[in-house]
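>>> need a structure here:
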Amino acid sequence: MKNNIYIFSNSILSRKNNTFKIEKMSDVEAIHEIDIFESEQENVILPSPKFEGNGQSKYLPAETIEAFFTFGEIRFNSQFFKCLSYYSIPLHMFNYYGNYIGSFIPVDSEGDGSIQLLQSQFYFDYQKRLYISKKIIEAALRNILDNLNTYLYEGIELEEQIELINHFLDQVRLSTSIDELKGYEGNARNIYYQSFNDIIKGKSNFEKRIKNPPIGLINTLISFGNSILYAVCISEIYRTRLNPYIGFIHEGGNKKHSLAYDISEIFKPIIVDKVIFRLLNLNMISEKDCKIKDDYYYLNDNAKQKFVEEFEKRLSTVITHKRLNRKISYRSLIRMEGFNLINFMTGKIKSYEPYYSA
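The predicted structure is shown next:
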């Protein structure tokens, strides 16, 4: 199994033969800006000042890497990107606060335009789009219910939340428009988030989901985890040759990877939320790991690394897929979701059934 590589330190990334060289920069404050600056004297773009490494280098064989995730101030050269392209390795970049800002996706030399054309046809056929959207949201809510039932069995009083979410799940199945679906899904998630204070041990001041900017530790963890999951979904969609910009629940446009947002809805409860519950209930991360700037809460690098470690453990966890009766990792499940969608659109399977754990 190939590995995701997470880089938190300010680093210089380059290529040496068939390996990647990661060299830490000498003490440089991360500014998280692009690697060029504009001359005030001339109307041209010039290279940014060169930063020297401190000699601490690490070499990684290209064939062992699934994708790069960068969080620090990173310097690249053209040979590095050529190597990414040759080995079909995506690179995902995050800003100072851990929010996803963009990706480098290599050109697919074996691309099949017929799949993307078919994907577009299903998007523009409203009934087909509605059917797929219903199935995705139904799977997401069933995974939410599985989380709640797990903690219900442990003695936490969650019966009321479970009953309400089951009600909205029934409404999802009867919906006649995507806007209705979004409304029911949003209401169900609000109820789900209200249960976090019961699930998380100790004192918690989590009141509601606030995204821009995230307020408090739990909102910050949700935003950070969702950002990483979006990037993982983009990587896995890239392997299937689906178009990440053509989703079904989320509208296309605005330079957003709509399909990655769609697929991530299925896996947020069973990957991101499970990681959050573990980190907080085991006191691995606390409010002390947050910095506050202009009411914006963000994790320090140590907390980000702890989150990523647990996130990768969760991705690598192997479970038994009940419907397929086979063992598979959560990361493979995400990729399989793309192939599942392709098989439905091409008629190889009659119904589309996204993954749900319950």
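>>> contacts only, for the residue most central in space within the chain.
The centroid of the chain falls nearest to Leu229 when counting by C-alpha atoms, centre = their mean (1.4 Å). Leu229 makes contacts with 264, 267-268, 271-272, as judged by C-beta atoms under 8 Å, 6 or more residues apart in numbering. All C-beta atoms are positioned from the backbone trio N, CA, C, and that covers glycine.
>>> and it, how close does it get to Ser223?
Going from Leu229 to Ser223 by C-beta to C-beta, to the nearest Å gives 11 Å.
>>> closest one of the contacts of Leu229 to Ile89?
Distance ranking of those against Ile89, using C-beta to C-beta, places Ser264 first at 20.7 Å.
>>> which elements pack onto the one helix or strand the closest one maps to?
Ser264 belongs to helix 258-267 when assigned by DSSP states H and E. Helices and strands touching helix 258-267, as assessed by 3 or more C-beta pairs under 8 Å, 6 or more residues apart in numbering; DSSP states H and E, comprise helix 126-153, helix 216-240, helix 330-345.
>>> and the pLDDT for the residue nearest to the centre of the chain?
Per-residue pLDDT puts Leu229 at 96.
>>> before we move on, what about Ile31?
44.
>>> let me see the mean pLDDT of the helix or strand where Gly183 lies.
Assessed by DSSP H and E, Gly183 sits inside helix 178-194. The pLDDT scores in helix 178-194 average 94.
>>> do the same with stretch 306-321
For stretch 306-321, the mean per-residue pLDDT is 91.
>>> from the chain's centre, how far out does it sit?
Computed by C-alpha atoms, centre = their mean, to the nearest Å, the chain-centroid distance of stretch 306-321 equals 13 Å.
>>> residues near Leu174, how many?
Per other C-beta atoms under 10 Å, the neighbour tally for Leu174 reads 9.
>>> that one and Asp125, how far apart?
Distance, Leu174 to Asp125, by C-beta to C-beta: 20 Å.
>>> likewise for Phe224?
36 Å.
>>> comparing the two, which shows the higher neighbour count?
The residue with more neighbours, out of Phe224 and Asp125, is Phe224; 26 against 11, by other C-beta under 10 Å.
>>> wait, that one sits on Asn95?
No - applying C-beta atoms under 8 Å, one finds Phe224 not in contact with Asn95, separated by 11.2 Å.
>>> and the strands in the chain?
3-7, 11-16, 19-25, 36-38, 45-47, 53-61, 65-70, 74-76, 91-94, 100-104, 290-293, 296-299, 318-321, 326-329 (DSSP state E).
>>> of these, which is nearest Tyr151?
It's strand 318-321; of the strands of the chain, that one is closest to Tyr151 (C-beta to C-beta) at 18.3 Å.
>>> what strands line up against the closest one, and which way round?
If you go by DSSP bridges, strand 318-321 pairs up with strand 326-329 (antiparallel).
>>> state the mean pLDDT of the partner strand.
Across strand 326-329, pLDDT averages out at 88.
>>> so how far is it from its chain's centroid?
20 Å.
>>> cool, stretch 197-210 as well?
Offset of stretch 197-210 from its chain centre (C-alpha atoms, centre = their mean): 22 Å.
>>> could I get the buried residue list for it?
Residues of stretch 197-210 classed as buried: 199-200, 204, 206, 209-210 (neighbour count, 16 or more other C-beta atoms under 10 Å).
>>> ok, so of those residues, who is nearest Tyr238?
Arg209 (28.6 Å).
>>> residues contacting the closest one?
Residues in contact with Arg209 (C-beta under 8 Å, 6+ apart) are 189-190, 193, 219, 222.
>>> let's see the helix holding Gly183 as PDB, backbone CA atoms only.
These are the backbone C-alpha positions of helix 178-194, laid out as PDB (Å, rounded to 0.1, in the frame of the first residue of the first chain):
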ATOM      1  CA  ILE A 178     -32.300  18.400  -4.400                       C
ATOM      2  CA  ASP A 179     -33.000  21.500  -2.400                       C
ATOM      3  CA  GLU A 180     -35.400  19.500  -0.200                       C
ATOM      4  CA  LEU A 181     -32.600  16.900   0.300                       C
ATOM      5  CA  LYS A 182     -30.100  19.500   1.400                       C
ATOM      6  CA  GLY A 183     -32.600  20.900   3.800                       C
ATOM      7  CA  TYR A 184     -33.400  17.600   5.500                       C
ATOM      8  CA  GLU A 185     -29.700  16.600   5.500                       C
ATOM      9  CA  GLY A 186     -28.800  20.000   7.100                       C
ATOM     10  CA  ASN A 187     -31.500  19.600   9.800                       C
ATOM     11  CA  ALA A 188     -30.300  16.000  10.600                       C
ATOM     12  CA  ARG A 189     -26.600  17.200  10.800                       C
ATOM     13  CA  ASN A 190     -27.600  20.000  13.200                       C
ATOM     14  CA  ILE A 191     -29.200  17.500  15.500                       C
ATOM     15  CA  TYR A 192     -26.200  15.200  15.200                       C
ATOM     16  CA  TYR A 193     -23.800  18.000  16.100                       C
ATOM     17  CA  GLN A 194     -25.900  18.800  19.200                       C
END
